[in-house]
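> Sequence below, structure please.
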Amino acid sequence: MSQPSSASGMYRRVWHWHFYAGLICLPFIFLLALTGAAYLFHQQIDDVIYARLLLRDADARPALAPTQLIAAALRAEPGDAKAITLPEDDTHSVQVDVTQAGGTVRQVFVDPASGKVLGAIDESARVMTFVKHLHSLTVLGNGGRMVIETVAGWIIVLMLTGAYLWWPRGRRHGVISIRPGATGRNWWRDLHAVTGAFGGIVILFLALTGMPWTAVWGQQVNRWLSEHDLGAPNGMWRNLPHSTIPASALGDLPWTLQQQPLPASDDPHAEHHGHGGHHGPAAPAGVARISADQAVSTLAAAGLRQGYRLVLPQDAQAVYSAIRTPRQLAGRRVIHLDQYSGKVLMDLGADRIGAIGRVTEWGVSVHQGGEYGWINQMVMLLGCVALMLLCVSGIVVWWKRRPTGSFAPPPCRQGDRLALGAMVIAVVIGVVFPLLGASMLLAALLTARRRPSH
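Numbering: from 1, shown residues only. Just a heads-up that it's a prediction; the model follows:
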C-alpha cells in the first residue's frame, strides 16, 4: 500500500533510527541476551558445575555451630573469615568466605554436620560470577556499566521504532506469521517482524527492569526514592550512628539498600584499637564481641529463616549483617546486629519498602527469573532467545538490502522529518534516561552530516 509522502518520510526516518540503533548496539545486545539467558539458571548451573562443593547427601545429624564451621574452613584456607552462608535445606553445604593475603577471597565449602571441608575456589573463578560480570560489563569497570545503560536505553528505542515499522497499515501477511512462499530477504524480514511482535513486550520489560542496576539512572533513582521514603525507609537510619563501611562491601544486597549507609556498632571502648585472637579482624582490646553463634541465635529469635549470608564484622565499627535474598521478593530480609551487644539495629523486609521501591524490586526479581518459578524462567528465556534471533535476522536483512559497496542504509530524502509526536517521545525518553539522551543527540548530529538524497 502506498503511503503519503509525509508518512513515507516519517517511515524512512524511523527506519534509519532503527537501523543505526540496531547495528551499533547489536554486539552488546547479543551479549546481554546470551549472558542473561545463562544467568536465569545460575543456581541450577552452579549445582551441576560445582556439585562436589555445593551438594551433599541429606544428613539427619544436627549442624555444627557456625564458629566450628568457620574454624574448619580457616584450617583449610588460612586468612580472615569474611562471611558464612547457611543453606536453606540440608542438601547443600555451608559456604565460608575467607579473605587471604593480597585481598583474594576464597570460598570454602564445609559439610555442616561433619565439619569436613569439601573444597574451595576463588570467588572470582566461579563461572556464573564471570557471566554476571560480563552481563553487566563490570569487567570493564564503571565505564562498562555506563555502556550497558546506554545499550539498554537503545533497546527501548529499538522496540518502539520496531513497533512503528511493524504496524500492519492494511497488510495481512508478514505481521504475525511469515508469508507463505517467502524466501530470501523477505523470509528473514518476516521472521524479524514476527519475532519482534511476539517477543517485544518481554524484551521491553527486560530493558526497563534492568535499568535499576545501571551506573547513572539507577543510582539517581535509588537516591531519590530513599530521600522521599519511596524505597528503603530513610527514617530507619536517622537515629543510628553510621559506619564508614560502604554497603557495597557486603556483596549482593537488595537494590533499595545499595546506596544506604550501614549502621555502626556502639563500641564501648572506642579509644582502644588493639588486636586479639578472632576468626575475623579483632575487636578492640578488652572489648567482648558476640560470637557468630550468638549472632545466629539472635537472628533465629528474630524469625529469620536459614538461607542467609552472615557478613562478619571487619573492624570496630562494623556490624553483623544477615542478608537473605531468596528468588522471591517476599522472603527477602536484611538484619544488622551490633557486634558487641547483639542488639538488632535494623530489620528490613520487603514489606517495609516503599511502594515504588517494592515495584522496582519486584521487576528486578522477575527480570532474574525468580519471582514465579520455572514459568518465570521460561518466559524470560524466550525473551532472551527472541532478542538473539532479532539480532541475527536483523543483520541478515540489512546485509541483503545494503547498497552495493556501502555499509549504511540509503540516505533519507530531502524533507524527511519525524512527526512532532515522535520527536516529543524521543525528547521525553532522552530526558528520563540521560545517557540514552546524550547518545541520541550524538547520533542525530552524525546522521545529519549525511547529505540527503533528492
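> and the longest helix seen in the chain, what's its mean pLDDT?
Scanning the chain for the helix with the most residues, using DSSP state H, yields helix 5-39. Confidence for helix 5-39, expressed as mean pLDDT, is 86.
> Residues contacting the helix or strand just after it, please?
Downstream of helix 5-39, the first helix or strand assigned by DSSP states H and E is helix 42-49. Contact partners of helix 42-49, identified using Cβ atoms under 8 Å, 6 or more residues apart in numbering, comprise 38, 54-55, 126-128, 131-132, 327. Placement of C-beta: from N, CA and C, glycine included.
> pLDDT value on Val131, please?
If you check Val131, the pLDDT there is 96.
> picking up where we left off before, okay if I get the contacts of helix 42-49 as TSV plus secondary structure and neighbour count?
Listed next are the contacts of helix 42-49 as TSV, based on DSSP: H, G, I helix; E, B strand; the rest coil; neighbours: other Cβ atoms under 10 Å:
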residue	secondary structure	neighbour count
Ala38	helix	18
Leu54	helix	19
Leu55	strand	15
Arg126	coil	17
Val127	helix	13
Met128	helix	19
Val131	helix	17
Lys132	helix	18
Arg327	coil	16
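> Which pair in those residues has the greatest spatial separation?
The span of these, defined through Cβ to Cβ, is set by Leu55 and Lys132 at 21.0 Å.
> Closest to Thr161 out of the contacts of helix 42-49?
Thr161 has its nearest neighbour among the contacts of helix 42-49 in Ala38, at 28.1 Å by Cβ to Cβ.
> Tell me who's in contact with the closest one.
The neighbours of Ala38, taking Cβ under 8 Å, 6+ apart as the test, are 45, 128, 131.
> Only alpha carbons, please: show stretch 336-356 as CSV.
Taking C-alpha atoms only, stretch 336-356 is exported to CSV below (Å, rounded to 0.1, in the frame of the first residue of the first chain):
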residue,chain,number,x,y,z
HIS,A,336,22.1,-5.7,61.1
LEU,A,337,23.3,-6.5,64.7
ASP,A,338,25.5,-4.6,67.0
GLN,A,339,28.7,-6.7,67.2
TYR,A,340,29.1,-6.0,70.9
SER,A,341,25.6,-6.1,72.4
GLY,A,342,23.9,-8.2,69.8
LYS,A,343,21.1,-5.6,69.6
VAL,A,344,19.1,-5.5,66.4
LEU,A,345,20.0,-2.2,64.8
MET,A,346,17.9,-2.5,61.6
ASP,A,347,15.5,-5.1,60.3
LEU,A,348,14.2,-4.5,56.8
GLY,A,349,12.0,-6.9,55.0
ALA,A,350,10.2,-6.5,51.6
ASP,A,351,7.0,-5.4,53.4
ARG,A,352,8.8,-2.3,54.8
ILE,A,353,10.0,-1.0,51.4
GLY,A,354,8.2,2.0,49.9
ALA,A,355,5.6,1.4,47.1
ILE,A,356,7.8,2.4,44.2
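> how far out from the middle of the chain is that stretch?
Relative to its parent chain, stretch 336-356 has a centroid offset of 23 Å by Cα atoms, centre = their mean, to the nearest Å.
> Next, the angle from the longest helix of the chain to helix 42-49.
Inter-element angle recorded for helix 5-39 and helix 42-49: 40 degrees (by axes from the mean of the first three to the mean of the last three Cα atoms, to 10 degrees).
> What residues of helix 5-39 count as buried?
Under the neighbour-count criterion of 16 or more other Cβ atoms under 10 Å, helix 5-39 has 9-22, 25-26, 28-39 buried.
> Run the chain-centre distance for that helix.
The answer for helix 5-39 is 22 Å, by Cα atoms, centre = their mean.
> what does stretch 113-127 give?
Taking mean C-alpha positions (Cα atoms, centre = their mean), stretch 113-127 and its chain are 24 Å apart.
> what about the spatially closest residue to Gly342 that is not a sequence neighbour, how many neighbours?
What sits nearest to Gly342 in space, not counting adjacent residues and going by Cβ to Cβ, 6 or more residues apart in numbering, is Ile290, at 4.6 Å. Neighbour count for Ile290, taken as other Cβ atoms under 10 Å: 19.
> separation between Ile290 and Ser265?
Separation of Ile290 from Ser265 (Cβ to Cβ, to the nearest Å): 10 Å.
> Tell me the residues that contact both of the two, please.
With Cβ under 8 Å, 6+ apart, Ile290 and Ser265 have common neighbours 339-340.
> Ramachandran angles for the closest residue to Leu31 other than its chain neighbours?
Nearest residue to Leu31, sequence neighbours excluded (Cβ to Cβ, 6+ apart): Leu134, at 7.0 Å. Main-chain torsions, Leu134, degrees, to the nearest 10: phi -70, psi -40.
> so Leu134 sits right up against Gly36, yeah?
No - using Cβ atoms under 8 Å as the test, Leu134 is too far from Gly36 to be in contact (10.1 Å).
> Run through the residues that contact the nearest residue to Ala232 once chain neighbours are set aside.
Spatial nearest neighbour of Ala232, excluding adjacent residues (Cβ to Cβ, 6+ apart): Thr256 at 4.3 Å. Counting by Cβ under 8 Å, 6+ apart, Thr256 touches 222, 225-226, 231-232, 353-354, 357, 360-361.
> change it to 6 Å
Contacts for Thr256 (Cβ atoms under 6 Å, 6 or more residues apart in numbering) come out as 231-232, 353, 357.
> ok, now Thr195?
Contacts for Thr195 were tallied using Cβ under 6 Å, 6+ apart; they are 386, 389-390.
> Output these in JSON lines; the columns should cover secondary structure and neighbour count.
Listed next are the contacts of Thr195 as JSON lines, based on three-state DSSP; neighbours: other Cβ under 10 Å:
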{"residue": "Ala386", "secondary structure": "helix", "neighbour count": "21"}
{"residue": "Leu389", "secondary structure": "helix", "neighbour count": "17"}
{"residue": "Leu390", "secondary structure": "helix", "neighbour count": "27"}
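> Any chance of a markdown table for the residues you listed, columns distance to Ala197 and pLDDT?
Output for the contacts of Thr195, formatted as a markdown table (distance: Cβ to Cβ, whole Å; pLDDT from 0 to 100):
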| residue | distance to Ala197 | pLDDT |
| --- | --- | --- |
| Ala386 | 10 | 98 |
| Leu389 | 12 | 98 |
| Leu390 | 11 | 97 |
